[in-house]
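Colleague: Kindly generate the corresponding structure for this input.
(one chain, ligands or ions: 1)
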Amino acid sequence: MLFHVRMDVNIPLDMDAAVAAEIKAREKAYSQGLQRSGKWRHIWRLAGEYANYSVFDVDSNQELHDILTELPLYPYMRISVQPLCRHPSSIREDDR
Ligand SMILES: O=C(O)C[C@H]1C=CC(=O)O1
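Modeller: Residues are numbered from 1 along each chain as shown. Take a look at the predicted model:
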């Protein structure tokens, strides 16, 4: 199951810089692990914003929910999710 996910990050301005850096380092490691596993298929920065567009390939709504709520930056994010399905004009066999 494919999902388009938008994540907007809003770290409080008064958060200690070292604490923020540690959370971001954990977020990066978590994200890259999921990318290597194939669960997090794409991640794109929205130019000019502290936000990303991502595509997840997961087995269930619950799996997506678990992945997103375990993001180290989750407490500082606004997340929106849109389910995707194959476009009839797609030439990519793995788009399903
Ligand atoms: O920077 C972001 O867009 C937020 C977050 C998502 C993955 C990651 O490494 O950081």
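
Colleague: From now on I want contacts and neighbour counts done on CA atoms only, so please keep to that.
Modeller: OK.

Colleague: which parts of this protein sit against the ligand?
Modeller: Residues of the chain lying close to the ligand (Cα under 6 Å from any ligand atom) are 27-28, 31, 51-52.

Colleague: just the residues you listed now: which is nearest the ligand?
Modeller: Relative to the ligand, the closest of these is residue 28; by Cα to the nearest ligand atom it sits at 3.7 Å.

Colleague: In three-state terms, label the closest one for me.
Modeller: Per DSSP: H, G, I helix; E, B strand; the rest coil, the local secondary structure of residue 28 is helix.

Colleague: Partner strands of the helix or strand hosting residue 54, with direction?
Modeller: Taking DSSP states H and E as the definition, residue 54 sits inside strand 51-57. Partners of strand 51-57 in the sheet, by DSSP bridges, are strand 2-9 (antiparallel), strand 40-45 (antiparallel).

Colleague: To what extent is residue 70 buried, counted in neighbours?
Modeller: Number of residues near residue 70 (other Cα atoms under 10 Å) recorded here: 13.

Colleague: What score does it have for pLDDT?
Modeller: With respect to pLDDT, residue 70 has a value of 98.

Colleague: any idea how far the most centrally placed residue in the chain lies from residue 43?
Modeller: For the chain, residue 54 is the residue whose C-alpha lies nearest the centre (Cα atoms, centre = their mean; 5.0 Å). Per Cα to Cα, to the nearest Å, residue 54 is found 4 Å from residue 43.

Colleague: ok, residue 26 touching residue 72?
Modeller: Yes. In terms of Cα atoms under 8 Å, residue 26 counts as a neighbour of residue 72; the distance is 6.4 Å.

Colleague: before we move on, the earlier item: dump the C-alpha coordinates for the strand holding residue 54 into CSV.
Modeller: The C-alpha trace of strand 51-57 is given here as CSV (Å, rounded to 0.1, in the frame of the first residue of the first chain):
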residue,chain,number,x,y,z
ALA,A,51,9.0,20.1,5.3
ASN,A,52,9.1,17.0,3.1
TYR,A,53,7.0,15.0,0.8
SER,A,54,7.5,11.3,1.2
VAL,A,55,6.1,8.1,-0.2
PHE,A,56,5.7,5.0,2.0
ASP,A,57,5.1,1.5,0.9
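
Colleague: Thank you kindly, that will do.
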